[in-house]
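> The following comprises the amino acid sequence and a computationally predicted model.
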Amino acid sequence: MLLCIPTLNPGRHAARLVTAIGEQDLRPDQILVIDSGSEDGSLAAFEAGGASIHRIAKREFSHGGTRQLAVNLTPGADIIVFMTQDALLADRHALRRLRACFEDEKVGLAYGRQLPRAGASAIEAHARVFNYPAGESAARDMSDAPRLGIKTFFVSNSFAAYRRSALMAVGGFPTHTILSEDHYVAAKMLLAGWKIVYRADAHVYHSHAYTAGQDFRRYFDQGVFHGREPWLRETFGGAGGEGFKFVRSELRYLLENCTALIPSALLRTAFKLAGFKLGMAERFLPRPMKRALSMHRQFWEK
């Protein structure tokens, strides 16, 4: 089992993550860090923890291409776990539980539950409650698509594991997408007959305190992704229904936990919708404008 972590100036997250990996009751056979230009000295913590460091130029990073590079660099790894640098394993069983999903030979991809970080706002916490519910683990395949729609292929590379043979059978990670390389691969695997597993008892702490402007830019990029991959909508349906479910769930959650944040949540919803719609129509926008609106601006320089 390989554990891969793409990094760029991870700061204090590095030492915390190395400690958590060392405490696992199933440790990875290899830890590979692919770094795109860190200058904060934090890579020393990964090296001290036994990780191999592979350096690339910042301009060479892409969500799909960098992860596929990790796969190509480690041909002997049958199961490849990806984490982001700001995700923290929440208990000593997380890797073992995620790895156990592959005892079923039909499982191509498994992902764990993300818990809100300490000090997260109610808006931040709700996003994790909605997308990563507590309770029973669940496997999904194409028979679930009529019921779940786009949620069928929902996964997150902040903490996800891939069976190499399944990943390579669907062409590996895409190098042409702005983000959502995990969703792209998950959908391809489902169409090829593989299963996806959500492992609710494999936990990491991972959440973000985005501003409304950051939400806009993030959803602009999501719109770009969906606009450029129409086969996802044609196969699984559009994102509108899931979006309305999220808004209703968020308002209920805030009514119970923090009513003062409801105006902010509504404003963010408007920003997200506007960003997504603009992203879907990005083919009509000049490249300098797309770069200005995007969270992943280096994408538009390639």
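That came through, no problem. Predicted, not measured: the structure shown is a model, and the values here were computed from it.
> Would you enumerate the residues in contact with residue 198?
110-113, 132, 137-140 (Cβ atoms under 8 Å, 6 or more residues apart in numbering). The C-beta positions use only the backbone N, C-alpha and C, and glycine is treated the same way.
> Now, those that are in helices?
Nothing among the contacts of residue 198 maps onto helices, per DSSP state H.
> now, which of the residues you listed sits nearest residue 49?
Relative to residue 49, the closest of those is residue 112; by Cβ to Cβ it sits at 20.4 Å.
> Give me the spatial nearest neighbour of that closest one, chain neighbours excluded.
Spatial nearest neighbour of residue 112, excluding adjacent residues (Cβ to Cβ, 6 or more residues apart in numbering): residue 202 at 3.5 Å.
> Would you agree the one you found falls within a strand?
Yes - with DSSP: H, G, I helix; E, B strand; the rest coil as the criterion, residue 202 is located in a strand.
> Quick one: the helices in the stretch 51-200 of the chain, in order.
63-73, 94-100, 122-131, 145-148, 164-169, 181-191 (DSSP state H, counting those that start in this stretch).
> circling back to that earlier point, quick one: the residue nearest to residue 112 from residue 81, how far?
10 Å (Cβ to Cβ, to the nearest Å).
> Need the overlap of contacts for these two.
95, 98, 159.
> Ranking by neighbours, what's the top pick from those residues?
When the shared contacts of residue 202 and residue 81 are compared by neighbour count (other Cβ atoms under 10 Å), residue 159 ends up highest, at 29 neighbours.
> Not counting the helix or strand in which residue 250 is found itself, show me its contacts.
If you go by DSSP states H and E, residue 250 is part of helix 240-257. With contacts defined as Cβ under 8 Å, 6+ apart, helix 240-257 is touched by 122-123, 125-126, 129-130, 149-151, 261-262, 265, 269, 272-273.
> Which SSE is immediately downstream of it?
Using DSSP H and E, the first helix or strand after helix 240-257 is helix 262-280.
> so how far is the very next helix or strand once past that following helix off the chain centroid?
Downstream of helix 262-280, the first helix or strand assigned by DSSP H and E is helix 287-293. Relative to the centre of its chain, helix 287-293 is centred 23 Å away, using Cα atoms, centre = their mean, to the nearest Å.
> Over to stretch 286-295?
22 Å.
> Okay, buried residues for it please.
290, 293-295 (16 or more other Cβ atoms under 10 Å).
> Of the contacts of residue 198, grab the buried ones for ChimeraX.
Per 16+ other Cβ under 10 Å, the buried members of the contacts of residue 198 correspond to this ChimeraX selection:
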select :110,111,112,113,132,137,140
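> From the rest of the structure, what touches stretch 8-20?
Contacts for stretch 8-20 (Cβ under 8 Å, 6+ apart): 5, 7, 35-40, 42-43, 45-46, 48-49, 51, 58, 61, 83, 85-89.
> Go through those and flag which are in strands.
5, 7, 35, 83, 88-89 (DSSP state E).
> tell me the two of the residues you listed that are most distant?
35 and 89 (19.8 Å).
> quick one, which of the two is more surrounded?
Neighbours per residue, other Cβ under 10 Å: of residue 35 and residue 89, the larger number sits with residue 89, 25 against 22.
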